[in-house]
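> here you go, sequence then predicted model.
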Amino acid sequence: MECKDGTFYTGYTNNLEKRLKEHNNDKRGAKYLRGKRPVKLIWRKEYRYLCYAMRTEYRIKQLNRKQKELLIGGMLLDKVMARKL
């Protein structure tokens, strides 16, 4: 997600629409996002198994901003991670 201040937020959920609403309108949204609302969805990836979603979330959180922008632009995660920026 992209925050109002231009920063990125990464997370996983099993109900994307509900979680997006919580982040924008609810006390159940992430504390990090309070004061950075509204947020908008700019990239997503679906997984069948939770462990893969959690692993990908961790990998994305290790990326710098430029790498995240490449991911958002359509580059595959493995290729983004291989780039030294």
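Nice, I can see it.

> from now on I want contacts and neighbour counts done on CA atoms only, so please keep to that.
Noted.

> roughly how far apart are the most centrally placed residue in the chain and residue 67?
Closest residue to the average C-alpha location of the chain: residue 10 at 2.6 Å, with CA atoms, centre = their mean. Separation of residue 10 from residue 67 (CA to CA, to the nearest Å) stands at 13 Å.

> quick one on the thing from earlier: isn't the residue nearest to the centre of the chain right up against residue 62?
No: applying CA atoms under 8 Å, one finds residue 10 not in contact with residue 62, separated by 10.5 Å.

> run through who's touching stretch 72-82.
42-43, 63, 67-68, 70-71 (CA atoms under 8 Å, 6 or more residues apart in numbering).

> same thing but 6 Å
43, 67 (CA atoms under 6 Å, 6 or more residues apart in numbering).

> from start to finish, how long is that stretch in a straight line?
This stretch, stretch 72-82, spans 16 Å end to end (CA to CA).

> starting at the chain centroid, how far to that stretch?
In terms of CA atoms, centre = their mean, to the nearest Å, the centre of stretch 72-82 is set 14 Å apart from its chain centre.

> tell me the average confidence for it?
The average pLDDT for stretch 72-82 rounds to 94.

> any buried residues in it, and which?
By neighbour count on 16 or more other CA atoms under 10 Å, the buried set for stretch 72-82 is 77, 80-81.

> next helix or strand past the longest helix belonging to the chain?
Ordering each helix of the chain by length in residues (DSSP state H) puts helix 50-61 first. Reading on from helix 50-61 to the C-terminus, the next helix or strand found by DSSP states H and E is helix 65-72.
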